[in-house]
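>>> structure, please.
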Amino acid sequence: MARFLRPLLWGTTYTRLLHLWVPMLFTSVWLFIDLSKPWVPAALVIPLGLFPAVRRGEGVQARFMLAPDERSGEDQAFSVAPSVAWRDRWRTVLWLEARVLLGWVTCGVTVWMPVFAVDLGRAATGYRPTDDPMVMLLDPHWSCALLIPLPLLALYGAVVGLGELTTALARRLLGPSPAERLAALEARTEQLLERNRIARELHDSIGHALTVAVVQAGAARAAGDPEFTDRALSAIEETGRAALEDLERVLGVLREAERPVSSRPTLADADRLLESARTSGAKVDAEVSGPLETVAGPVSREGYRILQESLTNVLRHAGSVPVRVRIEVRDGTLSLEVRNPLPDGRAGSGRGSGLRGIRERAALLGGSARTGPHEGDWQVHAELPSH
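This is a model prediction of the structure:
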């Protein structure tokens, strides 16, 4: 019994009832004007529903009154955008007609069922109502009191049922159109791509800084040379400052979606990475050829991150080994290659998140990247369109 009566405790039950009553405000005003033409309000909503903004207003009402618990969800059941296609306009017209019809039914139920219950109570005391045809069929008797719960249960069932029916119709007629669903899916995809990009940024930047710091600290402790220790601390400080700048920039992107990305480092800043790797003990042999300044900004920025992750992997997995870096711009293509001897001659799996990020960056730019053993060395080779 408690489960059956639980909807009486839901606020949604009463907001839906209020939503059903709203159309009757206008209808009641019209009935005071001309009682002989009750169909006029239903006719007037036809041109009203063709206005694009009406769909937005109806969607907002439905979202806040029919399903208030769903309005903060990611998948919205009701569209709050103006009508664009004629199909959406006619769906709005059909919805308005349904609102008027359901409003009439709700008004009749919520008015006459309580009146019927009161008349049954009066009949139980011996009084015969003359204005209620349903009670007039009954003989005034105390047993009429046993029938009082019936109209109240009918009222309860009608209110809950009409609310559910209205919500189902609203989902069908005011739900997002295929074009709106596609636009929402594209926006969500863009958000996911941005989140993945930010995750790669944090992985590459912070991972590189921590790797350099760990390698430098370990080398300084093993060397026992005050001069070397001083250089190592200076390198750790410089790398840490650069990582903090990158972290602040990435957090700024999270706080402000419209922030430009022009402040991100590019391949023109590659000397900072190479010097950081050298101070960490790696013997870096770098060669840059071609007009690097002609490389498009997004390509140059992603190329910088690929180089950063490649050097981080060298320091993390191979240590102080010779590293060959080749950056070349030729015939509209940016080629970037990082090679180092395999530690102990063993080949890694090449399945780390950093290596996967390198391949993803290249693929997003329409290029390609290979990571893995090659001729006795570990190689990262990426080719990106420079424009």
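>>> and stretch 331-346, average pLDDT?
The pLDDT scores in stretch 331-346 average 82.
>>> buried residues of it, list them for me.
Of the residues in stretch 331-346, those scored as buried under the neighbour-count criterion (16 or more other CB atoms under 10 Å) are 334, 335, 336, 337, 338, 339, 340, 342. Backbone N, C-alpha and C define where each C-beta goes, glycine included.
>>> what's in contact with that stretch?
Contacts of stretch 331-346 with the rest of the structure, by CB atoms under 8 Å, 6 or more residues apart in numbering, involve 282, 295, 299-300, 303, 306-307, 310-311, 314, 317-319, 321-329, 348, 367, 373-374, 376-387.
>>> now, the residues you listed that are in helices?
Counted as lying in helices by DSSP state H, out of these, are 299, 300, 303, 306, 307, 310, 311.
>>> please identify which of these is nearest to residue 31.
Distances from residue 31 to those, taken as CB to CB, are shortest for residue 299 (69.6 Å).
>>> do you know how far the spatially closest residue to that closest one that is not a sequence neighbour is from residue 300?
Across the structure, with CB to CB, 6 or more residues apart in numbering as the measure, the residue nearest residue 299 apart from its sequence neighbours is residue 384 (5.2 Å). Distance, residue 384 to residue 300, using CB to CB, to the nearest Å: 9 Å.
>>> likewise residue 11?
Using CB to CB, which is the criterion applied here, residue 11 is 56 Å from residue 300.
>>> how about residue 85?
42 Å.
>>> which SS class is residue 175?
Assigned with DSSP: H, G, I helix; E, B strand; the rest coil, residue 175 falls in the coil class.
>>> how far away is it from residue 88?
Taking CB to CB, one finds residue 175 at 10 Å from residue 88.
>>> out of these two, which sits in the busier spot?
Between residue 175 and residue 88, counted using other CB atoms under 10 Å, the more crowded position is residue 88 (22 against 16).
>>> please report phi then psi for the nearest residue to that one once chain neighbours are set aside.
Distance criterion CB to CB, 6+ apart; nearest residue to residue 88, sequence neighbours excluded, is residue 177 at 5.5 Å. Geometry field for residue 177 lists phi and psi as phi -70, psi 170, criterion degrees, to the nearest 10.
>>> residue 79 is in contact with residue 177, correct?
Yes - using CB atoms under 8 Å, residue 177 and residue 79 qualify as a contacting pair, with a distance of 7.0 Å.
>>> more neighbours: these two, which one.
Neighbours of residue 177 and residue 79, each counted by other CB under 10 Å, are more numerous for residue 79; the result is 23 against 17.
>>> from what I can see the more buried one touches residue 171, true?
No - in terms of CB under 8 Å, residue 79 does not count as a neighbour of residue 171; the distance is 10.4 Å.
>>> what's the span of stretch 140-150, first residue to last?
Taking CA to CA, to the nearest Å, the first and last residues of stretch 140-150 lie 17 Å apart.
>>> make residue 1 into 31 and carry on from there
Renumbered: residue one is now 31, and that last one reads stretch 170-180.
>>> quick one: contacts of it?
By CB under 8 Å, 6+ apart, the surrounding residues in contact with stretch 170-180 are 147, 150, 151, 153, 154, 155, 156, 157, 158, 165, 168.
>>> secondary structure element for the second one?
In other words, residue 150. helix 116-154 (DSSP states H and E).
>>> distance between that helix and the chain's centre?
Distance of helix 116-154 from its chain centroid, counting by CA atoms, centre = their mean, to the nearest Å, is 38 Å.
>>> which elements pack onto that helix?
Judged by 3 or more CB pairs under 8 Å, 6 or more residues apart in numbering; DSSP states H and E, the packing partners of helix 116-154 are helix 41-63, helix 70-79, helix 82-91, helix 163-166, helix 179-203.
>>> now for the ones you listed, which one comes closest to residue 270?
Judged by CB to CB, the one of these that comes nearest to residue 270 is helix 82-91, at 49.8 Å.
>>> what about that closest one, average pLDDT?
Taken as a whole, helix 82-91 has an average pLDDT of 88.
>>> got it, and stretch 171-182?
Mean predicted lDDT for stretch 171-182 stands at 84.
>>> quick one: buried residues of that stretch?
Neighbour counts over stretch 171-182 (16+ other CB under 10 Å) mark 174, 177, 178, 181 as buried.
>>> domains of the protein?
Domain ranges of the chain: 36-206, 212-415, per automatic domain parsing.
>>> looking at the chain, which helix or strand is least sure?
Taking mean pLDDT, DSSP states H and E as the measure, helix 163-166 is the helix or strand of the chain with the lowest mean score, a mean of 62.
>>> sorry, back to before: OK, contacts around the residue nearest to residue 329?
Neighbouring residues of residue 414 by CB under 8 Å, 6+ apart: 329, 332, 333, 363, 364, 366, 392, 395, 396, 397.
>>> of those residues, closest to residue 70?
Residue 70 has its nearest neighbour among these in residue 396, at 61.3 Å by CB to CB.
>>> for burial, what's the neighbour tally of that closest one?
Burial measure for residue 396: 9 neighbouring residues, criterion other CB under 10 Å.
>>> dig out what the closest residue in space to it that isn't next to it in sequence forms beta bridges with.
Excluding the flanking residues, the one nearest residue 396 by CB to CB, 6+ apart is residue 415, at 5.5 Å. Beta-bridge pairing for residue 415 (DSSP bridges): residue 363.
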